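Trainee: Sequence first, then the predicted structure, then my questions.
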Amino acid sequence: MTQSAGLRFRQALANSKPLQIVGTTNAYFALMAEQTGFQALYLSGAGVANASYGLPDLGMTSMNDVLIDAGRITSATKLPLLVDIDTGWGGAFNIARTIKEFEKIGVAAVHMEDQVSQKRCGHRPNKAVVSTEEMVDRIKAAVDARTDPNFVIMARTDAVAVEGVEAGIERAKAYIAAGADMIFAEALTELDQYRHFKAQVNAPILANMTEFGQTQLFNKEELAEAGADMVLYPLGTFRAANQAALKVMQALMNDGHQRNVLDTMQTRADLYKYLGYHAFEDKLDQLFSQDK
Ligand SMILES: C[C@](O)(C(=O)O)[C@H](CC(=O)O)C(=O)O
Ligand SMILES: [Mg+2]
């Protein structure tokens, strides 16, 4: 029997200190990540909102919007995928449906946060969190809904920015006691804060190295030393691709040609390499030649 996606995520975590999880806003990025050596992938909620819908990360996308993008990635690669499910999209029954749907399409792990349903990006001001009890109920609903015990339910706490690090740690403990497998400690500002989480919360801890946010961009050794088990790079590849795309657009507009920006583009040969294009082409030739 093949291993479930959740089990593959847990194995990747066991094999790496820390596990580097790279954001892939589309299936092609997933192929590049796999061939670059990553062992786990991420689908960012902000990425789905921004890239697929041209919307800000303010809780405007629905479960189905995220499912579509997640399914494209799980179809393209066997690497375990962690998906951002925001607040789970509703009450207990909605959360149960969310878990079932994501597990069904081969997602390995999800993270669900303790913000109010009118959520914001974790690195923006004026976030609000629900009570610990309400988040515990969300987690219980999620854990109860999974069919594969290895499917990973990660609880994200946004409370550190709102209530302070000690409150965040107390919440994390309650979330683990309620059945969450791992903790996403959002928007910490100092390396020592990861150390405090790790010392007091008996579960794997994820550090979010999103660019231009509240958290300094520590390297993986510093984070591992401070007790982070997973390091997330949610949007770095998306931001880089956006910048390159904008440069090409501006060159086309200003110069009337793209000759000056060819070096910012992936070549046709490289594009095909990551797609395995030639193997598909050979297969086609083979199929046709058999008929002759
Ligand atoms: C991780 C995150 O939830 C995401 O959707 O990618 C965002 C990232 C970001 O906006 O930089 C978050 O940290 O809230
Ligand atoms: Mg998000």
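Mentor: Perfect, I can see it now. Ligands and ions are numbered 1, 2, ... in the order given.
Trainee: Could I get the full set of helices for the stretch 1-150 of the chain?
Mentor: Using DSSP state H, counting those that start in this stretch, the helices of the stretch 1-150 of the chain run over residues 5-15, 27-36, 45-47, 53, 63-76, 92-104, 132-145.
Trainee: now for those, which one comes closest to residue 198?
Mentor: Set against residue 198 and scored by CB to CB, the helices of the stretch 1-150 of the chain come closest in helix 5-15, at 14.3 Å. Heads up, the C-betas are built off the backbone N, CA and C, glycines and all.
Trainee: As JSON lines, the helices of the stretch 1-150 of the chain with distance to ligand 1 would be great.
Mentor: Output for the helices of the stretch 1-150 of the chain, formatted as JSON lines (distance: least, CB to the nearest ligand atom, whole Å):
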{"stretch": "helix 5-15", "distance to ligand 1": "17"}
{"stretch": "helix 27-36", "distance to ligand 1": "14"}
{"stretch": "helix 45-47", "distance to ligand 1": "3"}
{"stretch": "helix 53", "distance to ligand 1": "13"}
{"stretch": "helix 63-76", "distance to ligand 1": "10"}
{"stretch": "helix 92-104", "distance to ligand 1": "15"}
{"stretch": "helix 132-145", "distance to ligand 1": "16"}
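Trainee: and among those helices, the most buried is which?
Mentor: helix 45-47 (a mean of 23; mean count of other CB atoms under 10 Å).
Trainee: related to what we said a few turns ago, residue 116: which of the helices of the stretch 1-150 of the chain is closest?
Mentor: Of all these, helix 132-145 comes closest under CB to CB, at 9.2 Å.
Trainee: what about whatever helix or strand comes next after that closest one and ligand 1, any contact?
Mentor: Going down the chain from helix 132-145, the next helix or strand is strand 152-157, by DSSP states H and E. No. Using CB under 6 Å from any ligand atom, we find that strand 152-157 stays clear of ligand 1, coming within 7.7 Å at best.
Trainee: what's the distance between strand 152-157 and the middle of its chain?
Mentor: 12 Å (CA atoms, centre = their mean, to the nearest Å).
Trainee: Downstream of it, the next helix or strand is which one?
Mentor: That would be, after strand 152-157 and using DSSP H and E, helix 159-163.
Trainee: Name the surrounding residues that touch the helix or strand following that next one.
Mentor: For helix 159-163, the succeeding helix or strand toward the C-terminus, using DSSP H and E, is helix 165-177. Helix 165-177 has contacts (CB atoms under 8 Å, 6 or more residues apart in numbering) with 114, 132, 135-136, 139, 155, 157, 159-160, 183, 185, 188, 193, 196-197, 200-203.
Trainee: what does stretch 2-19 give?
Mentor: For stretch 2-19, using CB under 8 Å, 6+ apart, the contacting residues are 39-40, 74, 78-82, 103, 106-109, 148-152, 204, 207, 220, 223-224, 228-231.
Trainee: of the residues you listed, buried ones?
Mentor: 39-40, 74, 79-82, 103, 106-109, 150-152, 204, 207, 220, 223-224, 228-231 (16 or more other CB atoms under 10 Å).
Trainee: can I assume residue 123 is in contact with residue 213?
Mentor: Yes. Judged on CB atoms under 8 Å, residue 123 makes contact with residue 213 at a distance of 3.3 Å.
Trainee: Between the two, which contacts overlap?
Mentor: Common neighbours of residue 123 and residue 213 (CB under 8 Å, 6+ apart) are residue 187.
Trainee: hang on, the earlier thing: weed out the non-buried ones from the contacts of helix 165-177.
Mentor: By 16+ other CB under 10 Å, the contacts of helix 165-177 give 114, 132, 135-136, 139, 155, 157, 159-160, 183, 185, 188, 193, 196-197, 201, 203 as buried.
Trainee: Run the chain-centre distance for stretch 25-36.
Mentor: Distance, stretch centre to chain centre, for stretch 25-36: 13 Å (CA atoms, centre = their mean).
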